[in-house]
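Peer 1: The amino acid sequence is not available; the structure is as follows:
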């Protein structure tokens, strides 16, 4: 029996409502298109996108004058070959495909880590290669946001969503496949977290410090924004201490689906990660958002990598235990096994990005170096996620590096 049923019980107890499907499905929702995509050559990506969208019948959705927003993963200012951000050639392939079918109002938009302002966007666009999209799509510089009401029955009543996503007629979510220090993996579901503006994202970490609650928030965010189709860049992915400090890993695939939950389930399996160990996927199954038995994989097939992806250091001990084991284990062992960020002072450049992204505002800059206290830390690893110098690693409370 799928152990996510225990989370079903958790939902009933905590939210005083039965866990049930929260949003409707459309045509081809159970189809996940998987294509071998050996490189980032433009012709290669153009063909892959065309095959994906043909398989999903995306052209049936389009109409003249519609406003399309393409949402990449632009976590921070990293070059395309560092496997942190969605490759610009894949975004260009999507934009070209749309233009060939008469859609010309195309905006590329994301809210990277840090403050949501034009200067930060300009830097991230430049370093990540998005400036090459000029002429094919507009780069967003509108830093406003709107409060969007969630569907009835959600724990969250509303989310603040950046304007180009809130105002779009059609949303194409183009994620980067990576491991993730808090959520185990980052694919289509986690990519929607960039719909929330700037430093409001750390506020969500602070509001939901427990893994189960944060996973539920991500599912409800995806269910509120409801991307029409998701494409995953898994040509070069990331393993280890993702989403920013891990190691590049060649996979040679792209994926696409109307069902972001089923798609992440397939992507996790291709990484060699058991889907039920990914909290948001386990919870999605428990809530009935998709059924693994109903997924149809088309194209080149979902091939499991013979060498599983290296997991983040934060997932190598208590934080990676199934929920039903954490209760009895955590009371005595959490003090010893709790994962915590640790600064390697020699690498720290004193930029302050960790401090501005710390949900409980514990981190301070003193003497040109970050100071990261253990007391009060919620182990969200936002500091590690945004550190440009890779100066933050994960340790147990007793000080052993993992």
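Peer 2: Looks like it came in fine. It should be emphasised that the depicted structure is a prediction, and the values quoted were computed from it without experimental measurement.
Peer 1: Report pLDDT for residue 328.
Peer 2: Residue 328 is assigned 50 on the pLDDT scale.
Peer 1: where does the stretch 301-402 of the chain have low pLDDT?
Peer 2: Scanning the stretch 301-402 of the chain with the threshold set as pLDDT under 70 gives 316-337, 396-402.
Peer 1: Run through the strands of it in chain order.
Peer 2: Assigned by DSSP state E, counting those that start in this stretch, the strands in the stretch 301-402 of the chain fall at 339-343, 364-366, 369-371, 392-396.
Peer 1: In TSV, list those strands along with mean neighbour count and distance to residue 386.
Peer 2: Just so you know, the C-beta spots here come from the backbone N, C-alpha and C atoms, and that holds for glycine as well. Shown next, in TSV, are the strands of the stretch 301-402 of the chain (neighbours: other CB atoms under 10 Å; distance: least, CB to CB, whole Å):
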stretch	mean neighbour count	distance to residue 386
strand 339-343	21	11
strand 364-366	12	14
strand 369-371	19	11
strand 392-396	21	9
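Peer 1: Residue 99: which of these is closest?
Peer 2: Comparing these against residue 99 with CB to CB, the closest turns out to be strand 392-396 (41.7 Å).
Peer 1: List the contacts of the closest residue to residue 214 other than its chain neighbours.
Peer 2: Computed as CB to CB, 6 or more residues apart in numbering, the closest residue to residue 214 that is not its neighbour in sequence is residue 208, at 4.3 Å. Counting by CB atoms under 8 Å, 6 or more residues apart in numbering, residue 208 touches 214, 216, 217.
Peer 1: Out of these, flag the one nearest to residue 366.
Peer 2: Taking CB to CB as the measure, residue 366 lies nearest residue 214 of the contacts of residue 208, at 29.5 Å.
Peer 1: Residue 253: what secondary structure?
Peer 2: What DSSP: H, G, I helix; E, B strand; the rest coil gives for residue 253 is strand.
Peer 1: Not counting its neighbours along the chain, what's nearest residue 123?
Peer 2: According to CB to CB, 6+ apart, the nearest residue to residue 123 is residue 77 (5.1 Å).
Peer 1: what about the residue lying closest to residue 166 once chain neighbours are set aside, how many neighbours?
Peer 2: Nearest residue to residue 166 in three dimensions, chain neighbours excluded: residue 146, at 4.2 Å (CB to CB, 6+ apart). Burial of residue 146 is recorded as 14 neighbouring residues (other CB atoms under 10 Å).
Peer 1: My guess is residue 146 contacts residue 164. True?
Peer 2: No. Counting by CB atoms under 8 Å, residue 164 is not a contact partner of residue 146; they are 10.4 Å apart.
Peer 1: coming back round to it: of the contacts of residue 208, which is the most crowded?
Peer 2: Most surrounded of the contacts of residue 208: other CB under 10 Å gives residue 216, at 26 neighbours.
Peer 1: how much space between the residue lying closest to residue 276 once chain neighbours are set aside and residue 39?
Peer 2: Excluding the flanking residues, the one nearest residue 276 by CB to CB, 6+ apart is residue 282, at 4.9 Å. The spacing between residue 282 and residue 39, counted by CB to CB, to the nearest Å, is 34 Å.
Peer 1: Would you map out the domains in this protein?
Peer 2: Following the assignment in automatic domain parsing, the chain carries domains at 5-299, 338-396.
Peer 1: average pLDDT across the first one?
Peer 2: Think domain 5-299. Per-residue pLDDT over domain 5-299 has a mean of 92.
Peer 1: Residue 160 looks like it's in a strand, true?
Peer 2: Yes. Per three-state DSSP, residue 160 lies within a strand segment.
Peer 1: Can you report how many residues lie near it?
Peer 2: Residue 160: 16 neighbours (other CB under 10 Å).
Peer 1: before we move on, what about the one 3 residues further on?
Peer 2: Other residues lying near residue 163 total 17 when counted by other CB under 10 Å.
Peer 1: Quick check: closest non-adjacent residue to residue 66.
Peer 2: residue 169 is the one closest to residue 66 (CB to CB, 6+ apart), at 4.3 Å.
Peer 1: wait, what's in contact with that neighbour?
Peer 2: Taking CB under 8 Å, 6+ apart, we find residue 169 in contact with 66, 67, 68.
Peer 1: Quickly note the distance from the residue most central in space within the chain to residue 348.
Peer 2: Centroid check for the chain by CA atoms, centre = their mean gives residue 190 as the closest residue, at 2.4 Å. Taking CB to CB as the measure, residue 190 falls 27 Å from residue 348.
Peer 1: tell me the most buried of the domains of the chain?
Peer 2: Comparing the domains of the chain by mean neighbour count (mean count of other CB atoms under 10 Å), domain 5-299 ranks first with a mean of 20.
Peer 1: ok, back up a step: and which of the contacts of residue 169 is nearest to residue 45?
Peer 2: Of all the contacts of residue 169, residue 68 has the smallest distance to residue 45: 17.7 Å, by CB to CB.
Peer 1: Could you double-check that that closest one lies in contact with residue 165?
Peer 2: No. The criterion here is CB under 8 Å, and residue 68 misses it with residue 165 at 11.0 Å.
Peer 1: about what we covered before: out of the domains of the chain, nearest to residue 313?
Peer 2: domain 338-396 (3.9 Å).
Peer 1: just checking, what packs against the helix or strand residue 283 falls within?
Peer 2: Using DSSP states H and E, the element containing residue 283 is helix 279-286. Counting contacts by 3 or more CB pairs under 8 Å, 6 or more residues apart in numbering; DSSP states H and E, helix 279-286 packs against helix 5-15, helix 188-191, helix 211-225, helix 260-270.
Peer 1: and the helix or strand following it, which strands flank it?
Peer 2: The helix or strand immediately downstream of helix 279-286 is strand 296-299, counting by DSSP H and E. Strand 296-299 pairs in its sheet with strand 31-36 (parallel), by DSSP bridges.
Peer 1: Check whether residue 203 really touches residue 357, as I assumed.
Peer 2: No. Residue 203 is not in contact with residue 357 according to CB under 8 Å; the separation is 10.7 Å.
Peer 1: mind listing what the closest residue to residue 378 other than its chain neighbours touches?
Peer 2: In space, residue 378 comes closest to residue 209 once its chain neighbours are excluded; the distance is 4.0 Å by CB to CB, 6+ apart. If you count contacts by CB under 8 Å, 6+ apart, residue 209 has them with 359, 378, 379, 380.
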